[in-house]
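Participant: Fold the following.
(4 chains)
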Protein chains: 2
Amino acid sequence: MSTRTPEAEPLLTPAEVATMFRVDPKTVTRWAKAGKLTSIRTLGGHRRYRETEVRALLAGIPNQRSE
Amino acid sequence: MSTRTPEAEPLLTPAEVATMFRVDPKTVTRWAKAGKLTSIRTLGGHRRYRETEVRALLAGIPNQRSE
DNA sequence: TACCAGTGGGGTAATTAGGGGC
DNA sequence: AGTGTCCTAATTACCCCACTGG
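Facilitator: Residues are numbered from 1 along each chain as shown, chains lettered A, B, ... in the order given. Got it, this is the predicted structure:
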């Protein structure tokens, strides 16, 4: 087995996102609730975040907000 | 094209499903035990999962379980 | 037959969700 | 309005060893 890679996009755990932003994991959860961050849920209810989105936000790309 | 393809449904290994959800393979096993995920067993007892179901779950479609 | 990464099974520690209050 | 902290319950991660898949 080797060429079996079912298109999986890289995801991050709440703790990883929190570390990258230097905030509390709870704050990341609030961002997700507020719709500022896309969240994907595990079957147990835990959140996972898109790495590409997080890095784009970290890079200074504003969150489509012009006012 | 192939002339004879015996109802081959794409299946995923626990490790593949775990990668897609960014969880531990053991966690996928717990989902199967809890009935949150359809599991197909090999003759040796190892689990395999339906790729279509996994993708649907990742996309946010709730599990269609009776009620 | 043997090899070996992956898996199943248990147990136990670490994260996370959620609400509440500062 | 936004963040950090405290709390409990639920979920997940990491540890072991034995067996399966190819």
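Participant: use CA for all of it now, contacts and neighbours both
Facilitator: Fine.
Participant: what are the ranges of the helices in chain A?
Facilitator: For chain A, applying DSSP state H gives helices covering A:14-21, A:25-33, A:51-58.
Participant: Distance to B:G45, mean neighbour count and mean pLDDT added to those helices, as TSV?
Facilitator: Output for the helices of chain A, formatted as TSV (distance: least, CA to CA, whole Å; neighbours: other CA atoms under 10 Å in any protein chain shown; pLDDT from 0 to 100):
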stretch	distance to B:G45	mean neighbour count	mean pLDDT
helix A:14-21	33	16	97
helix A:25-33	38	15	97
helix A:51-58	35	14	96
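Participant: Could you export those helices to CSV, including columns for distance to B:Y49?
Facilitator: Shown next, in CSV, are these (distance: least, CA to CA, whole Å):
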stretch, distance to B:Y49
helix A:14-21, 26
helix A:25-33, 29
helix A:51-58, 25
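Participant: Which of those helices sits closest to DNA strand D?
Facilitator: Between DNA strand D and these, the tightest spacing by CA to the nearest atom of the strand is seen for helix A:25-33, at 4.5 Å.
Participant: who's in contact with the closest one?
Facilitator: Here helix A:25-33 makes contact (CA atoms under 8 Å, 6 or more residues apart in numbering or on different chains) with A:P14, A:A15, A:V17, A:A18, A:L37, A:T38, A:S39.
Participant: do stretch A:43-61 as well
Facilitator: If you take CA under 8 Å, 6+ apart as the criterion, stretch A:43-61 is touched by A:9-14, A:17, A:21, A:37-42, A:63, B:21-22, B:31, B:36, B:57.
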